[in-house]
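A.B. asks: Build me a model from this:
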Amino acid sequence: MNKIVALVGMCGSGKSIVADYYKEKGYQSVYFGGVTLEEIKRRGLEVNEANEKLVREDLRKIHGMAAFAILKLPEIEAALKKGNVIIDGLYSWSEYKVLKEKFGEAMLVIAVFTPRLVRYERLAKRPVRPLSEEEAFGRDKAEIENSEKGGPIAEADYTLVNDGDIAALRLKLDAIDF
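C.D. replies: Reported below is the predicted structural model:
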C-alpha cells in the first residue's frame, strides 16, 4: 500500500528541503502552499506576505479550517494511485483530521522543528519570498493564532530538529524508517 508523508512546521523550518528529499526518493509531491499562490495569481495580486496571509485566511473563511486538505484532496488521491506521496505544508488541525480520517494509518506526519531565530535568519536569506524578522514573526503569530498549526505538530509521528545544515537534516531523514 502506498503511503502519505505530511510535513508540518513553522515557516522557514525546512519543510521544502524535506519534501525535496522525498521527491528524490520518487514520492509524488503535493504542495499545500500552491493553493495560496494560485489564488493570489488568479486575483491579480502581488505575491507578498500580506497578500499571502489575506488569501490563506480568505480560503479558510470560504472552505473552513480544513480548506487546503479539502482543495488538494483530489490531487492527493490521484498522486497516491501513482505511488507514495509527500505533502509539503500541512497547516491546521482540521486538515490533519480530514486527512487522517480519509487515509488512516497510510498517513504519517513529520514535524520539522527549527529554533525561531534560526528560522528568521534563513527566511531573511531565502531567494524566493524572503521575510524580514517582523514579517516572519507576523506569520508565526498568524499561523499559531489563526491556523490551528500546533495540533499537527503535537501529534506528529516523527519530529526532526533542523538546526544544522542540509546534510545533517538528510542524515536524520535517512534514519526514519516507516
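A.B. asks: Confirm that residue 12 sits in a strand.
C.D. replies: No: in this structure, residue 12 is coil, not part of a strand, as judged by DSSP: H, G, I helix; E, B strand; the rest coil.
A.B. asks: which one is it nearest to, not counting chain neighbours?
C.D. replies: Counting by CB to CB, 6 or more residues apart in numbering, residue 12 lies nearest to residue 119, which is 3.6 Å off, once chain neighbours are set aside. From N, CA and C alone the C-beta is placed, and that goes for glycine too.
A.B. asks: What are the phi and psi values at the residue of the chain most remote from its centre?
C.D. replies: Largest separation from the mean C-alpha position in the chain: residue 44, at 23.9 Å (CA atoms, centre = their mean). Here is the backbone geometry of residue 44 (degrees, to the nearest 10): phi 70, psi 30.
A.B. asks: Now do the contacts for residue 123.
C.D. replies: Contact analysis of residue 123 by CB atoms under 8 Å, 6 or more residues apart in numbering lists 11-12, 130-131, 135-136.
A.B. asks: Is it correct that residue 89 is in contact with residue 36?
C.D. replies: No: applying CB atoms under 8 Å as the test, residue 89 and residue 36 come out as separate, 9.4 Å apart.
A.B. asks: who touches the longest strand belonging to the chain?
C.D. replies: Criterion DSSP state E: the longest strand present in the chain is strand 107-113. With contact meaning CB under 8 Å, 6+ apart, strand 107-113 is reached by 3-10, 13-15, 18, 90, 96, 99-100, 152-153, 155-162, 176, 178.
A.B. asks: where's the residue farthest from the centre of the chain relative to residue 55, distance?
C.D. replies: To residue 55, residue 44 is 12 Å away according to CB to CB, to the nearest Å.
A.B. asks: partners of the longest strand of the chain in the sheet?
C.D. replies: Paired strands of strand 107-113, with direction, are strand 4-8 (parallel), strand 158-161 (parallel) (DSSP bridges).
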